[in-house]
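Chemist: What follows is a predicted protein model with its sequence.
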Amino acid sequence: MARMKVIGVFTEDFKFFYEVVKRLKLRGEPFISLGKDGSVPASVGVVITSEEERSKVKFGKVAASADPDEAINIAKCLLAGGVAYRTIVVGIDPGKSTGIAIFGEGKLLATETVIALELVPDAVSRLLRCLDFHRSIARVGHGDPTRGRRIIRGIWAMVDEIELVDETGTTMRTVHPDVDAAKRIAMTKGVRVGAAPAVEPTPGEIKDIQRLSRIESKGSLTINSELAESVALGKLTMAEAIAAQRKIRDEPG
């Protein structure tokens, strides 16, 4: 039986090396540090390096990124890339930060936490590009309806099928709650979404965004419902909405 290939880390950037190794250890990912000559032993299946050092690595599978988490996710997908999966399942936990977990035939292949909602489609696309599969299903948690609909619309053309999952009980107190919730969502059968949904924030969501604006502005103001709707739809960031409300408040007359 062939031994499982591991990740090799090649970089002379100490900070990048430290951050990559710290994350690999936290994830329990086996790896080896490569020497300055860039030679790659037979036990290595993919090499992580910085963007600047990409040209120094003479190896077929290289995960080069300025972001340590992105580099590790790309590396994991490349390691799994030799397998043709029948079905890939993408679990997505919408929230203030969005957790993503990708499984192939029940095996966890990659995870990522995305802070900005508009970056979720790019993250899903980047992770799927590394994999060989016949069919893809995305399962999105139902707990944050507007964010969930925005995600569904963003990934609609990327996957074969999308399901909305009751995520009750998926959130737990863990080191990586968003990713862990995404894992549970991925493993839970949902209701198939028949068409890309319209994004219409509910009155409750608008009020909650207004509440968050009071917190973020340290109690100095509350954005109006129109600005709150723009935040919900992704047209404005919270900081932009607060600045706009402050401008309205301070206008003479």
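Modeler: Great, that's in hand. Numbers count the residues shown, from 1 in each chain.
Chemist: Pull the residues that contact stretch 196-214.
Modeler: Here stretch 196-214 makes contact (CB atoms under 8 Å, 6 or more residues apart in numbering) with 145-146, 149-150, 152-153, 156, 221-225, 227-229, 231-233, 238, 241-242, 245. Quick note: C-beta positions are derived from backbone N, CA and C, even for glycine.
Chemist: Please check those and keep the buried ones.
Modeler: Among those, those scoring as buried are 145-146, 149-150, 152, 221-224, 227-229, 231-232, 238, 241-242, 245 (criterion: 16 or more other CB atoms under 10 Å).
Chemist: tell me which element residue 159 is part of?
Modeler: Residue 159 belongs to no helix or strand when elements are defined using DSSP states H and E.
Chemist: Oh, that last question was meant for residue 204, not what I typed.
Modeler: Counting by DSSP H and E, residue 204 is part of helix 203-216.
Chemist: after that helix, next one along is what?
Modeler: helix 225-232.
Chemist: For that following helix, which helices and strands make contact with it?
Modeler: Helix 225-232 sits against helix 203-216, helix 238-250, with contacts defined as 3 or more CB pairs under 8 Å, 6 or more residues apart in numbering; DSSP states H and E.
Chemist: Secondary structure element for residue 148, which one?
Modeler: helix 145-155.
Chemist: tell me the angle of that helix relative to helix 203-216?
Modeler: Relative orientation of helix 145-155 versus helix 203-216 (axes from the mean of the first three to the mean of the last three CA atoms, to 10 degrees): 100 degrees.
Chemist: in the host helix or strand of residue 138, what's buried?
Modeler: Here residue 138, judged by DSSP H and E, is contained in strand 132-141. By neighbour count on 16+ other CB under 10 Å, the buried set for strand 132-141 is 133, 136-141.
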